[in-house]
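Participant: quick one, fold the following:
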Amino acid sequence: MSLEYTLMTMEECERLVKHALGGSESTSPGIDVAQIANEAGEFVYSMHRWDFLSRPPFLLDLRANDDTVILPEDFAEIIELVPVSGLVDTVNVVSPEFLERARSVGFATIVGTTHIAALYMPSDSNKRAIFRLYPTPTTDQYGVWRLLYRAGWIPVRNAGDRVQVPHFLKMLYRQALIAVALGYEEEREGTVIDRLEKVARSAVFQIATMRDGRSVPWAGTMSQQITPPDGLTWGDDRYTRTTLPNPT
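Facilitator: The predicted structure is shown next:
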C-alpha cells in the first residue's frame with residue numbers, strides 16, 4: 001500500500017492562520033507563519049510513534065580521514081545500525097561527550113570497532129544530522145553500514161517551501177496549526193499547550209492513529225541490533241533508541 005502525501009505551500013498555511021485569526025495578521029512579536037507551521041509539525045510528528053516515519057534500509061559510506069557521516073535530511077532516531085561489509089564489524093553508540101573525550105585522550109579501541117555519536121552539524125543552519133566517528137576511517141568504504149531509522153519533521157523556512165504530511169494527517173496537522181496560531185494570539189483564552197492538549201484528545205487524532213496502522217504493513221520484530229556498549233543491555237532504551245534532541 002503506497003502512502004499518499006499532501007503538500008501545503010506556505011501561502012496556504014498563511015491563509016489558514018489568517019482565517020483562524022479572523023482574517024488579520026498575527027500581532028505576536030517574533031512569531032511568523034514558518035514558526036507556527038514548524039511548531040505544529042513538530043507536535044504532530046512527536047505526539048505518537050507513527051509507523052509511517054519508519055524508513056527503509058539506507059546504506060552509509062565511510063571516507064578516508066573523515067570522521068563525519070552525513071545522514072538523511074529527515075533523520076531523527078536510530079532503529080538499527082548493522083555493519084554489512086568493510087573493516088568494521090562492531091558499532092557502539094555513545095554520547096557526543098564520550099566521543100570527544102575518547103578523541104582527546106586517544107582512547108584505545110578494539111580492531112574492527114567504531115564508536116559513533118549522533119548530533120547536528122554545528123555550522124549548518126539547516127540542522128543536518130550527522131554521525132561523528134571514532135576512530136577516524138583510514139580508507140574509503142562504500143555501503144558498509146545498513147541504517148534503519150525513524151524520520152522527523154523537516155522544518156520549512158522560506159516562502160517557497162512546502163509542508164509535506166501524509167494525507168491521513170492533513171486534518172490533524174491543520175488543527176495543530178490553528179491551535180498554535182490561536183495560542184500565541186489569544187493566550188488569555190488558552191495557551192498553545194492548552195490548545196494542543198485538546199488536539200491530542202480529539203477524535204481526529206484517534207482516527208489518524210488507526211489509519212497510520214493500516215498505512216505501513218507489519219514486518220515483524222527486528223532481531224538484529226547494534227552491539228550495546230559496556231554496561232547496557234538489549235532492552236536498555238539508552239541503546240535501542242538513540243534520539244536526537246529537538247534542534248529548534
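
Participant: which stretches of this protein have low pLDDT?
Facilitator: When residues are selected by pLDDT under 70, those of the chain lie in 1-2, 23-30, 122-126, 215-248.

Participant: just name whatever secondary elements the longest helix belonging to the chain is in contact with.
Facilitator: The longest helix of the chain (DSSP state H) is helix 170-185. Packing partners of helix 170-185 (3 or more Cβ pairs under 8 Å, 6 or more residues apart in numbering; DSSP states H and E): strand 5-9, helix 10-20, helix 33-46, helix 192-200, helix 203-215. Where C-beta positions appear, they are placed from N, C-alpha and C, glycine not excepted.

Participant: winner for burial among the ones you listed?
Facilitator: Of all those, helix 33-46 has the most neighbours on average by mean count of other Cβ atoms under 10 Å, namely a mean of 22.

Participant: ok, and what's touching the longest helix of the chain?
Facilitator: 6, 8, 13, 16-17, 20-21, 26-28, 31, 36-37, 39-41, 43-44, 163, 165, 189-196, 198-199, 202, 204-205, 208 (Cβ atoms under 8 Å, 6 or more residues apart in numbering).

Participant: if I look at T6, how far off is P166?
Facilitator: T6 is 7 Å from P166, where distance means Cβ to Cβ, to the nearest Å.

Participant: ignore the last one, V69
Facilitator: Counting by Cβ to Cβ, the gap from V69 to P166 is 28 Å.

Participant: touching the lengthiest strand in the chain from outside, list them.
Facilitator: In the chain, taking DSSP state E as the definition, the longest strand is strand 141-151. Residues outside strand 141-151 that contact it (Cβ under 8 Å, 6+ apart) are 53-62, 71-72, 74-88, 91, 222.

Participant: so in that sheet, which strands flank the next helix-or-strand element following it, and in what orientation?
Facilitator: From strand 141-151 onward toward the C-terminus, using DSSP states H and E, the following helix or strand is strand 162-166. Note on strand 162-166: by DSSP bridges, its sheet partners are strand 5-9 (antiparallel).

Participant: now tell me what touches the strand it pairs with from outside.
Facilitator: For strand 5-9, the surrounding residues in contact (Cβ under 8 Å, 6+ apart) are R162, V163, Q164, V165, P166, H167, L169, K170, Y173.

Participant: switch the cut-off to 10 Å
Facilitator: Here strand 5-9 makes contact (Cβ atoms under 10 Å, 6 or more residues apart in numbering) with 15-16, 37, 52, 156, 159-171, 173-174, 177.

Participant: list the buried residues for the longest helix of the chain?
Facilitator: With burial defined by 16 or more other Cβ atoms under 10 Å, the residues of helix 170-185 counted as buried are 170-185.

Participant: now render the helices and strands packed on helix 170-185 as CSV, adding distance to Y149.
Facilitator: Shown next, in CSV, are those (distance: least, Cβ to Cβ, whole Å):
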stretch, distance to Y149
strand 5-9, 19
helix 10-20, 27
helix 33-46, 14
helix 192-200, 25
helix 203-215, 18
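
Participant: and of those, who's closest to Y134?
Facilitator: helix 33-46 (29.9 Å; Cβ to Cβ).

Participant: relative to helix 10-20, how tilted is the closest one?
Facilitator: 90 degrees (axes from the mean of the first three to the mean of the last three Cα atoms, to 10 degrees).

Participant: for the helix or strand that helix 33-46 is followed by, buried residues please.
Facilitator: Next along the chain after helix 33-46, taking DSSP H and E as the criterion, comes strand 58-62. Buried residues in strand 58-62, counting neighbours by 16+ other Cβ under 10 Å, are found at L60, L62.
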